[in-house]
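Asker: predicted model and sequence below, questions to follow.
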Amino acid sequence: MGVSLGKVNYCMKKLTEKGLIKITNFTHNPNKIGYAYLLTPSGVEEKARLTFSFLKRKIKEYKVLKDEISKLKQDTKKIKLSVK
């Protein structure tokens, strides 16, 4: 994915500091390295906000592309008619 472990650790620390995630380890797990990364309520809210923003942007891009395709189809019909 092109992301170093250091960058991941930095981001996880910052997300924890912002209160967006909570990190807990499995105390009863023999593998003490196992951790759970849980979204906090504010993390869920931020994720929803980002998702909404992403979808809004993609819908806008879709409409622009759809209009561009429609215009290209019209131009193609005009060219075909002028060639005949």
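Answerer: Nice, thanks for sending it over.
Asker: per-domain residue ranges of this structure.
Answerer: Using automatic domain parsing, the domain ranges for the chain come out as 1-39, 41-84.
Asker: for residue 70, give its distance to residue 16.
Answerer: 48 Å (Cβ to Cβ, to the nearest Å). (C-beta placed from N, C-alpha, C; glycine too.)
Asker: repeat that for residue 2.
Answerer: 23 Å.
Asker: which one's more surrounded, these two?
Answerer: Between residue 2 and residue 16, counted using other Cβ atoms under 10 Å, the more crowded position is residue 16 (15 against 4).
Asker: these two touch, right, the more buried one and residue 23?
Answerer: Yes. Judged on Cβ atoms under 8 Å, residue 16 makes contact with residue 23 at a distance of 5.9 Å.
Asker: this protein: helices as residue ranges?
Answerer: Using DSSP state H, the helices found in the chain span residues 5-17, 41-83.
Asker: out of these, flag the one nearest residue 35.
Answerer: helix 5-17 (9.5 Å; Cβ to Cβ).
Asker: quick one: list the elements packing against the closest one.
Answerer: In terms of contacts (3 or more Cβ pairs under 8 Å, 6 or more residues apart in numbering; DSSP states H and E), helix 5-17 is packed against strand 21-25.
Asker: take the domains of the chain and lay them out in JSON lines including mean pLDDT.
Answerer: What follows is the domains of the chain, written out as JSON lines (pLDDT from 0 to 100):
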{"stretch": "domain 1-39", "mean pLDDT": "84"}
{"stretch": "domain 41-84", "mean pLDDT": "92"}
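Asker: which ones are touching residue 71?
Answerer: Not one residue lies near residue 71 by Cβ atoms under 8 Å, 6 or more residues apart in numbering.
Asker: mind checking how far it is from residue 78?
Answerer: For residue 71 relative to residue 78 (Cβ to Cβ), the value is 11 Å.
Asker: ok, now residue 34?
Answerer: With Cβ to Cβ as the criterion, residue 34 and residue 78 are 64 Å apart.
Asker: kindly report the same for residue 47.
Answerer: Taken as Cβ to Cβ, the span from residue 47 to residue 78 is 47 Å.
Asker: likewise residue 39?
Answerer: Residue 39 is 53 Å from residue 78, by Cβ to Cβ.
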